[in-house]
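Undergrad: Build me a model from this:
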Amino acid sequence: MMTLDETPQDAPVFLDNLTGPRRPRIALMGEFSAGKSTLANLMIGSDPLPVQVIATQLPPVWVSYGTAPAVIVDLAGNETPCDQDSLRKAIPEETAFIRIQCEEEILKRCDIIDMPGISDPNMPSAVWERILPAADGIIWCSPATQAWRQSEASVWDMVPEDIRAHSILLLTRGDMMVSEKDRAKVLKRVRAETDGFFAKTLMISLTQARDAGDDAQLWDESGAEPFVSDFLSIISTLSARLSDDMTDAPSDAMLDQNSVPAPDAAAPPEPSERIVPRRPIAKSVRARPAPRPDPEEDISLSPKFS
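TA: As a prediction, this is how the structure comes out:
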């Protein structure tokens, strides 16, 4: 079995240039407008993109802890500054990913890769397929009202079993289900259809999680508390494996020489650690408008995953 600090043999060349401390890498995937960007904002605490762009034009966005300026990484691993003009001119087919660093708590534990929608007609599948080997785990977002479509199942077939073992199927927009009975029915069906495909299958309402503030009951009812608990458990497992796999040689990560590495980044959290919801704080960010409006998109929240 391949260890986490090794690069897959079929990984593209741009992954060879990754240097620095290696943290678990979690990809956010799903069909277009499934809530991935909203989830990323909830987890990270803000929308880290430095410019306003159309969501469907973006290649994968790789976010990690640090202070280095944003860059565009091409398929050969070359980097160019990520300003508004260069980002708008970037050709997804020739771009590996956008690399962004920011100092948010969750990024001390893992890197987050926000993938394009798998069903986006304006984005060739190769744009996200070639970066898939870099992921250690996946959070797959699927709207509860149309949960786990055949197109999603077809894509999931290409995901290696080792990644599946550290992945979560997250049914978003749980608040759009009519009743608790309907939510339970959908969860039962999807869990039966995906048995063995994911470590966990959960349902969440991102809007309710956003509005929970210090209301622990509402936070839990939104499905956020079980998700955070299971997510951190997976990160802890991956971090422990990374620590075991480490050698004297430097391991991969998304931090450059100017980054500020978090101490003991790969160490798992203490068993007694408890996630305490914080009140959402509006931040001044530039949203990424999508061609089809999504009521859950462009939500900017303070971190609840620290």
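
Undergrad: what's the neighbour count on Pro124?
TA: Pro124: 12 surrounding residues under other Cβ atoms under 10 Å. For glycine as for every other residue, the C-beta is placed from the backbone atoms N, C-alpha and C.

Undergrad: Gly66 too?
TA: 22.

Undergrad: separation between it and Arg22?
TA: 13 Å (Cβ to Cβ, to the nearest Å).

Undergrad: do the same with Asp16
TA: 14 Å.

Undergrad: more neighbours, those two?
TA: Arg22 (24 against 12).

Undergrad: Roughly how far does that one sit from Val73?
TA: Arg22 is 17 Å from Val73, by Cβ to Cβ.

Undergrad: Asp214 now?
TA: Taking Cβ to Cβ, one finds Asp214 at 40 Å from Val73.

Undergrad: So between those two, which is more surrounded?
TA: Val73 (24 against 10).

Undergrad: from what I can see the more buried one touches Ile100, true?
TA: No - assessed by Cβ atoms under 8 Å, Val73 is found out of contact with Ile100, at 10.8 Å.

Undergrad: Which residues does Trp140 form beta bridges with?
TA: In this structure, Trp140 bridges to Met29, Leu169 when assessed by DSSP bridges.

Undergrad: looking at this protein, which helix or strand is least sure?
TA: Lowest on mean pLDDT, DSSP states H and E among the helices and strands of the chain sits helix 84-89, with a mean of 73.

Undergrad: CA atoms only for the very next helix or strand once past it, dumped as CSV, please.
TA: As assigned by DSSP states H and E, the chain's next helix or strand after helix 84-89 is strand 95-102. Extracted C-alpha coordinates of strand 95-102, given in CSV (Å, rounded to 0.1, in the frame of the first residue of the first chain):
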residue,chain,number,x,y,z
THR,A,95,-3.8,25.1,-15.3
ALA,A,96,-3.1,22.5,-12.6
PHE,A,97,-4.6,24.6,-9.8
ILE,A,98,-4.7,27.9,-8.0
ARG,A,99,-2.6,27.9,-4.9
ILE,A,100,-3.8,30.1,-2.0
GLN,A,101,-2.5,30.4,1.5
CYS,A,102,-4.1,32.0,4.5
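
Undergrad: neighbouring strands for strand 95-102, and are they parallel or not?
TA: Strand 95-102 has the following sheet partners, assigned by DSSP bridges: strand 61-65 (parallel), strand 71-74 (antiparallel).

Undergrad: Low-confidence stretches in the chain?
TA: 1-12, 17-20, 46-57, 246-306 (pLDDT under 70).

Undergrad: returning to that earlier point: show me which positions of the least confident helix or strand of the chain end up buried.
TA: Leu87 (16 or more other Cβ atoms under 10 Å).

Undergrad: cool, and stretch 138-158?
TA: Neighbour count says stretch 138-158 has 138-144, 147-148, 152, 155-156 buried, by 16+ other Cβ under 10 Å.

Undergrad: likewise stretch 14-33?
TA: So, applying 16+ other Cβ under 10 Å, buried residues of stretch 14-33: 14-15, 18, 20-33.

Undergrad: Helices of the chain, start to end?
TA: Applying DSSP state H to the chain gives helices spanning 36-44, 84-89, 126-129, 150-156, 161-164, 180-193, 206-211, 216-221, 224-245.

Undergrad: To Arg109, which of those helices lies closest?
TA: The closest of those to Arg109 is helix 224-245. By Cβ to Cβ, the value is 5.3 Å.

Undergrad: Could you check how far Val178 is from Ala144?
TA: Counting by Cβ to Cβ, the gap between Val178 and Ala144 amounts to 11 Å.

Undergrad: Good, we can wrap up now.
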